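Novice: what follows is a predicted protein model with its sequence.
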Amino acid sequence: MKQISWAEAEKIVGYRVDRRLKYAVRDDGKPCDVSGCKIFHLVRWTDSCSGCYESIDGYNPGYPTHPKHRCPVGHGCSECGFRGVRRNGFWAPWSKELQDIERGDF
């Protein structure tokens, strides 16, 4: 993936995009094989650290909950920088329909 600016993303798709997001295109410049989308946007979230958080059959055994992200906070390890939570993310296909749904314009 090659990160691009919102201005480059607007030139590719031909309409205004959400300027708060980060955009990218595939290295070969082709659209997504599954959805046909030409650009991708970065989806990020905070989750419990897989190295120091242990659940009991999927239930929280008593770890505190992060006040902002509402996920259990592990006891801390070198994987998460001794914070108990990690930032995760991936490049997801982006489309005009997706932007309208996020804005509530559907």
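Specialist: Received the coordinates, thanks.

Novice: can you map out the strands along the protein?
Specialist: For the chain, the strands defined by DSSP state E cover 2-4, 23-25, 39-48, 85-94.

Novice: so what touches the second one?
Specialist: In other words, strand 23-25. If you take C-beta atoms under 8 Å, 6 or more residues apart in numbering as the criterion, strand 23-25 is touched by 1-6, 8-9, 12, 17, 38-42, 91, 94. For glycine as for every other residue, the C-beta is placed from the backbone atoms N, C-alpha and C.

Novice: how about the first one?
Specialist: Contacts of strand 2-4 from elsewhere in the structure, counted by C-beta under 8 Å, 6+ apart, are 12, 22-27, 39.

Novice: thinking again about what came up before, can I have the buried ones of the contacts of strand 23-25 as a ChimeraX selection?
Specialist: Buried members of the contacts of strand 23-25, defined by 16 or more other C-beta atoms under 10 Å, are picked up in ChimeraX with:
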select :4,6,8,9,17,38,39,40,41,91,94
